[in-house]
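Colleague: Give me the fold of what follows.
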Amino acid sequence: MSTRTCRLITLGCKVNQYETQLVKEALGSHGYREAGEGESADLCVVNTCTVTNEGDAKSRKEVRRLARQNPGTRTIVMGCYATRDPEAVTKLPGVFEVVTDKRELPDVLARQGVADMPAGISQFDGRKRAYVKVQDGCVLRCTYCIIPQVRPGLRSRSPQDIEAEVRRLIDNGYKEVVICGIHVGHYGVDATRGRSGKPPFRLWHLFRRLDRIPGDWRMRLSSIEANEVDDDFISAAADCEHLCPQFHPALQSGSDSVLARMRRRYRAGRFLEKLDRMREILPDVAFTTDVIVGFPGETDAEFDETLETCRRAQFLKIHAFPFSPRRGTSAATLPHQVSPEVRKDRMRRLSILERQMALRYYQSQIGQDVEVLVERTCSDQPGRVRGTDRHYIPVELPGAADDVGQFRIVRGERAFPDYLRASR
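Modeller: Take a look at the predicted model:
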């Protein structure tokens with residue numbers, strides 16, 4: 001048995017989780033094993049997040065905790081917080097390497113005996129669906145977002161590497177892969193920008209290529225900007241049998257004036273037109289979204305516009321976030337910051353609307369057959385399991401431990417505000 005042990009911690013987004021899995025597999029193939037409960041790790045890796053001030057604080061807390069619980073350990077810190085403030089990270093206990101650019105990671109790991117980085121992952125520990133990172137970087141300049149400063153530029157993976165990775169994951173038993181990136185809709189833009197004679201290969205081309213992989217599996221897109229949805233994208237979505245009919249266009253606000261202050265590239269009317277166009281071609285499509293509540297200067301009238309836009313969009317789920325000033329972004333210094341009390345009340349009102357819309361969508365599935373990827377057993381209800389259908393509906397159904405990780409076709413029976421109950 002290997003004498004070298006490691007422990008890995010991930011904070012933040014799907015891309016971070018993918019990148020940690022890649023590091024884990026690289027270490028595992030070079031003699032490292034994960035430290036057990038109560039066992040001290042020789043090497044710790046923390047993949048940090050800096051989307052909010054809270055993300056920074058959690059990242060620092062995890063590094064300190066690892067130093068306490070693993071005396072003498074060496075800690076590698078990577079991720080967006082490490083990129084944004086490497087000096088502060090270097091001063092944390094146990095830290096001996098700070099990765100400010102993910103492209104430096106192979107060199108950093110080589111110093112720990114990792115001779116080769118894998119081209120992709122083969123599994124996704126602890127999850128029944130696997131994330132597949134297809135691109136990195138963002139070139140937009142939304143006023144509230146720090147990410148373009150810590151993940152600049154655009155870098156797309158080759159379709160060959162992505163396809164090989166998806167095939168490995170399917171061969172290893174994964175039934176669902178989630179296509180993700182920092183700005184997924186810009187997949188392929190960097191490969192053809194400024195290069196004459198090279199045909200473009202965009203996200204919808206990737207859908208079609210992956211859809212040709214045989215087997216009982218499905219893919220899901222993590223997110224997309226509404227203004228990047230064109231007829232080619234919609235046509236591919238309609239043609240690809242493995243692609244889930246659920247999309248996540250990030251709204252952020254339903255008020256045109258707030259969207260302008262956010263420096264978003266669309267307005268509410270155009271956003272809704274794109275959703276309507278997709279519904280024309282994909283009648284059973286479901287939409288989820290992100291909304292920032294209490295952006296600086298947001299008035300009661302502007303928030304009401306957001307509620308109305310969400311109501312017209314009929315989202316299945318809304319990931320709502322109260323605005324948090326992020327040092328280094330222009331939104332942090334905008335005047336007329338909204339009070340915490342007002343943000344809290346608006347979050348409550350948006351949550352009520354979300355539950356109403358979700359319940360209405362769940363009710364539409366009563367009597368319908370739904371395909372569920374079973375993800376866990378219900379500890380409080382013997383003989384019941386929970387999973388997610390193709391539309392991202394949480395479903396509870398009869399089942400046992402051997403159903404976990406498998407598709408089950410069931411019929412919608414009863415709708416609740418948080419899930420759909422189904423029968424076999």
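Colleague: which outside residues touch the least confident helix or strand in the chain by mean pLDDT?
Modeller: Ranking every helix and strand in the chain by mean pLDDT, DSSP states H and E puts helix 189-192 at the bottom, with a mean of 84. With contact meaning C-beta atoms under 8 Å, 6 or more residues apart in numbering, helix 189-192 is reached by 135, 137, 153, 154, 155, 156, 198, 199, 200, 201, 202. For glycine as for every other residue, the C-beta is placed from the backbone atoms N, C-alpha and C.
Colleague: just those now: which is nearest residue 179?
Modeller: Closest approach to residue 179 among the contacts of helix 189-192 (C-beta to C-beta): residue 135, at 9.6 Å.
Colleague: does that closest one have beta-bridge partners, and which?
Modeller: residue 156, residue 181 (DSSP bridges).
Colleague: what separates it from residue 190, distance-wise?
Modeller: 8 Å (C-beta to C-beta, to the nearest Å).
Colleague: And the two? Which one has more around it.
Modeller: A direct count of neighbours by other C-beta atoms under 10 Å for residue 135 and residue 190 places residue 135 higher, at 26 against 17.
Colleague: Show me how the record splits the chain into domains.
Modeller: Domain assignment for the chain, taken from automatic domain parsing, gives 4-110, 122-244, 369-423.
Colleague: Now render the ones you listed as CSV, adding distance to residue 361.
Modeller: Listed next are the domains of the chain as CSV, based on distance: least, C-beta to C-beta, whole Å:
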stretch, distance to residue 361
domain 4-110, 23
domain 122-244, 15
domain 369-423, 7
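Colleague: among the ones you listed, which is nearest residue 338?
Modeller: Closest among those, using C-beta to C-beta: domain 122-244, at 12.8 Å.
Colleague: So in terms of bridging, what pairs with residue 389?
Modeller: residue 372.
Colleague: Count the neighbours of it for me.
Modeller: Counted with other C-beta under 10 Å, residue 389 comes out at 26.
Colleague: Tell me which stretches of the stretch 201-350 of the chain form helices.
Modeller: With DSSP state H, counting those that start in this stretch as the definition, the stretch 201-350 of the chain shows helices at residue ranges 203-211, 231-239, 256-262, 268-281, 300-313, 340-364.
Colleague: Using JSON lines, please lay out these together with mean neighbour count.
Modeller: Output for the helices of the stretch 201-350 of the chain, formatted as JSON lines (neighbours: other C-beta atoms under 10 Å):
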{"stretch": "helix 203-211", "mean neighbour count": "19"}
{"stretch": "helix 231-239", "mean neighbour count": "16"}
{"stretch": "helix 256-262", "mean neighbour count": "18"}
{"stretch": "helix 268-281", "mean neighbour count": "16"}
{"stretch": "helix 300-313", "mean neighbour count": "17"}
{"stretch": "helix 340-364", "mean neighbour count": "16"}
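Colleague: returning to what we had before: need the buried ones from the contacts of helix 189-192 selected in PyMOL.
Modeller: Applying 16 or more other C-beta atoms under 10 Å to those, the buried members can be selected in PyMOL as follows:
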select buried, resi 135+137+154+156+201+202
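Colleague: Identify those among the contacts of helix 189-192 that sit within strands.
Modeller: Under the assignment DSSP state E, the contacts of helix 189-192 contribute 135, 155, 156 to strands.
Colleague: Might you report the residue contacts of the second one?
Modeller: The reference is to residue 155. Counting by C-beta under 8 Å, 6+ apart, residue 155 has contacts 135, 136, 137, 190.
Colleague: mind running it again at 10 Å?
Modeller: Going by C-beta atoms under 10 Å, 6 or more residues apart in numbering, residue 155 touches 102, 103, 135, 136, 137, 181, 182, 190, 191.
Colleague: Closest one of those residues to residue 301?
Modeller: Closest to residue 301, out of all of the contacts of residue 155 and judged by C-beta to C-beta, is residue 182, at 33.2 Å.
Colleague: burial of that closest one, as a residue count?
Modeller: Counted with other C-beta under 10 Å, residue 182 comes out at 21.
Colleague: Tell me the spacing between it and residue 281.
Modeller: Where residue 281 is concerned, residue 182 sits at a distance of 27 Å (C-beta to C-beta).
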